[in-house]
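K.L.:
Just the structure for this:
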Amino acid sequence: MTHAGPAVPVMRVAQVCRARVTEEPLDLQQHAREVERIAAGAIVTFAGVVRDHDGGRGVTALDYSCHPRAQAIIERVVTDIASAAAGVRAISVSHRVGPLHIGDIALACAVSADHRREAFDVCATLVDEVKAQLPVWKRQVFTDGSDEWVNCT
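P.N.:
Down below sits the predicted model:
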């Protein structure tokens, strides 16, 4: 009889279903459908929505611009998160650029995982890392007609 030794856990990398920067309107439910897996016990989504105010001022619209390498950067961010996310099955994320209106989705994320904690944690990390690393700049138009660029340092 031979002894096989201790079982070695199999490292599984989450599938990246979508990682994109686009001018097209975002559909949060489509992102959620993309990450559905029969092994997943949780799907967590996040929608970053254009609001009608910022810093006590009324906002009428936004315009997002991005660096030409933004697509490659969002792919790298999501791939890095997917490769380190234990218990996560699939990830889908998109950031919209161009002119947006109040109520439009600027950032859509969906994460499926075996359990809710992993799904929540990875979704929060995904949002934070995309916002921190993606070279996207926001021009806000205020109700008084003035404007302001955000994340332009």
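
K.L.:
quick check, residue 12 in a strand?
P.N.:
No - according to DSSP: H, G, I helix; E, B strand; the rest coil, the state of residue 12 is coil, so it is not within a strand.

K.L.:
measure it to residue 34 for me?
P.N.:
18 Å (CB to CB, to the nearest Å). Quick note: C-beta positions are derived from backbone N, CA and C, even for glycine.

K.L.:
cool, and residue 76?
P.N.:
Distance from residue 76 to residue 34, counting by CB to CB: 19 Å.

K.L.:
Buried ones in the helix ranked longest in the chain, by neighbour count?
P.N.:
Identified as the longest helix of the chain according to DSSP state H is helix 116-133. For helix 116-133, the neighbour count (16 or more other CB atoms under 10 Å) marks 118-119, 121-123, 126-127, 129-130 as buried.

K.L.:
Which single one of those is nearest to residue 40?
P.N.:
Within these, the smallest distance to residue 40 is 7.8 Å, found for residue 119 (CB to CB).
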